[in-house]
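Enquirer: Model the following, please.
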Amino acid sequence: MWMLPGQNQSWVSEFILLGFSSDPTTNRILFFVFLPIYLSSVLGNGLIITLICVDTHLHTPMYFFLCVLSLLDTCYITTTMPQMLVHLLAHSQTISFAGCWLQMYVFGALGLTECTFFVVMAYDRYVAICYPLRYTAILSWGLCSRLAAGTWVVGFIFSLMHTFFTMWLPYCGPNKVNHYFCEGPSVRSLACMDTHLIEMVDLVMSVFMVVVPISLIVASYIRIVLAILKIKSTQARCKAFSTCASHLTVVILFYVPATYIYMRPNSSYSPERDKQISLFYNVFTALLNPVVYSLRNKDIKRAFLKVMGHGRVDW
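Expert: Down below sits the predicted model:
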């Protein structure tokens, strides 16, 4: 704690992240559970990035967007997991006020970027299926770069607003955050003032950054489904559906838990349940995304075998 000059009120200078358990034995077990998950996520996403960069056959808009998604997932999980792993073994689980602010900002920025980036990937599938002959002409490298960069800009700008409203609140009492990282609602619950107005602003931002992207994704897939149903060949129709299945899977894995956390009523707030649910959109999506895309994608498998020295592989 530190004292504000000229006042008798103490202010929080650091927070304590309670994590999942206070029992050292349980924490050691969790460490050996989460460490392989984190390493697998980083290696899996790093492998996809490497394959797409080195294999010229994968230099298409779809794989460019997949490469950006893998980079996002790697950064996203790295924002929280290394610190959580250290806290599982350390005697102290403290984080400075500035460190908490920074973690909350970067985590929110990457999460919001991923929200909007899924819309870009849906647009990519829409163009590929509805306008296959004009696919590369519509999605030029210039447009792809601007779309990708735009999602990052939107994410970091809106996250700055969200973080500012939360960290601007006075924190003068308890400093124990019932979470494994500085998550907005968990930190805000420690504020020494009524946060109703801030929560309303946060809800409006959440609606804009969650409902709008979901609506655009649904609209894209309605057009995609209608276009696929017009295809006469059953084999071509199945192939078209298959190209969308991976994207739909990762969208569901990310949006369902994130929507519950940030758009549910405050009365249903449950710290223990929220910590578990946040693992899905923060940890497990980063782990499963490379698996989902690689298992269903022959081009990724072919590129991997080429890198491993198997030469040309016919499927």
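Enquirer: Next, the buried residues of the strand or helix carrying Ala148.
Expert: Per DSSP states H and E: Ala148 is located in helix 141-167. For helix 141-167, the neighbour count (16 or more other C-beta atoms under 10 Å) marks 144, 147-148, 151-152, 154-156, 158-159, 162-163, 165-167 as buried. For the C-beta atoms, the positions are set from N, CA and C on the backbone; glycine is no exception.
Enquirer: of all the residues you listed, which comes closest to Val210?
Expert: Taking C-beta to C-beta as the measure, Val210 sits nearest to Phe158 out of these, at 11.2 Å.
Enquirer: measure Leu288 to Pro185 for me?
Expert: Distance of Leu288 to Pro185, given as C-beta to C-beta, to the nearest Å: 25 Å.
Enquirer: Setting aside sequence neighbours, what's the nearest residue to Asn178?
Expert: Distances taken as C-beta to C-beta, 6 or more residues apart in numbering put Pro271 closest to Asn178, at 3.9 Å, once the chain neighbours are dropped.
Enquirer: give the contact list for that neighbour.
Expert: Asn178, His179, Ser186 (C-beta atoms under 8 Å, 6 or more residues apart in numbering).
Enquirer: Tell me which of these fall in helices.
Expert: Ser186 (DSSP state H).
Enquirer: Is there a quick PyMOL command that grabs whichever of the contacts of Pro271 are buried?
Expert: Entered in PyMOL, the line below selects the buried ones among these, by 16+ other C-beta under 10 Å:
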select buried, resi 178+179+186
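Enquirer: Tell me which of the contacts of Pro271 has the lowest pLDDT.
Expert: Among those, Ser186 carries the lowest pLDDT, at 85.
Enquirer: if I look at the most centrally placed residue in the chain, how far off is Thr80?
Expert: Residue closest to the mean C-alpha point of the chain, counted by C-alpha atoms, centre = their mean, is Gly111 at 4.3 Å. Look at Gly111 and Thr80: by C-beta to C-beta, they are 11 Å apart.
Enquirer: Likewise for Thr136?
Expert: Distance of Thr136 to Thr80, given as C-beta to C-beta: 37 Å.
Enquirer: who has more neighbours, those two?
Expert: Thr80 (22 against 13; other C-beta atoms under 10 Å).
Enquirer: and the nearest residue to the more buried one once chain neighbours are set aside, what does it touch?
Expert: Counting by C-beta to C-beta, 6+ apart, Thr80 lies nearest to Phe181, which is 4.2 Å off, once chain neighbours are set aside. Phe181 makes contact with Leu17, Thr79, Thr80, Gln83, Met84, Gln103, Phe107, according to C-beta under 8 Å, 6+ apart.
Enquirer: one step back: the residue nearest to the centre of the chain contacts Pro257, doesn't it?
Expert: No - contact criterion C-beta atoms under 8 Å: Gly111 and Pro257 do not qualify, at 11.3 Å.
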